[in-house]
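Undergrad: give me the fold of what follows.
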Amino acid sequence: MVTALRDARAVAETVTDPELPMLTLADLGVLREVSESGGTVIVSITPTYSGCPAMDTMRDDLVHALHAAGYDEVEVRTVLHPPWSTDWISEAGRRKLADAGIAPPGDAPAARPGPVPLTLGPTVRRVRCPRCGSAETEELSRFSATACKALHRCRACAEPFEHMKEL
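TA: Numbers count the residues shown, from 1 in each chain. Sure thing, here's the model as predicted:
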């Protein structure tokens, strides 16, 4: 079963994210584990944030890909702990985002136990333009096509681009 499990993992690693189709679920760090129990392939995934509207599609795409590869019994589980972080995006995934014109996220803010401190000043982020590399960019909108991205514009080349937010 070790070979079959490794093969099932390889199949699951080919499934792309429905909102960022240049990335696989493995690139994005959403694919957590592929295991087997009683002849059932069990795939564990973590949403990028609670209420992620793409979870049903991810689940369906994983089941379809594994069924097409000959795995009859497939179960997809949602794992919420630990919560997903943009730090889980692979280096290959970060390159794919930049190649697609989306500025990859920087390091996620450090999570501290206890209350979250309230800061009233604006958050200053230097986001490099994925097209020309300039750090002279501005945020146009905190939200873009999906909740996990913001819309920016480069002041050097004047091109708009999306930035995947750090979570």
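
Undergrad: give me phi/psi at residue 42?
TA: phi -110, psi 120 (degrees, to the nearest 10).

Undergrad: since we're on it, how many residues are nearby?
TA: For residue 42, the count of nearby residues is 16 (other Cβ atoms under 10 Å). C-beta: built from backbone N, CA, C; applies to glycine.

Undergrad: again with the one 3 residues further on
TA: For residue 45, the count of nearby residues is 22 (other Cβ under 10 Å).

Undergrad: so what's the closest residue in space to it that isn't next to it in sequence up against?
TA: Computed as Cβ to Cβ, 6 or more residues apart in numbering, the closest residue to residue 45 that is not its neighbour in sequence is residue 30, at 5.1 Å. When contacts are counted by Cβ atoms under 8 Å, 6 or more residues apart in numbering, residue 30 touches 17, 45, 46, 47, 48, 58, 84, 88.

Undergrad: in helices, which of those residues fall?
TA: Under the assignment DSSP state H, these contribute residue 58 to helices.

Undergrad: ok, which pair from the contacts of residue 30 is furthest apart?
TA: Spatial extent of the contacts of residue 30 (Cβ to Cβ) is set by the pair 58 and 88 at 14.7 Å.

Undergrad: between those two, who's got more neighbours?
TA: Legend: neighbour count by other Cβ under 10 Å for residue 58 and residue 88, higher for residue 58 (24 against 18).

Undergrad: not counting sequence-adjacent ones, nearest residue to the residue most central in space within the chain?
TA: Nearest residue to the geometric centre of the chain (Cα atoms, centre = their mean): residue 28, 3.5 Å. What sits nearest to residue 28 in space, not counting adjacent residues and going by Cβ to Cβ, 6+ apart, is residue 17, at 5.3 Å.
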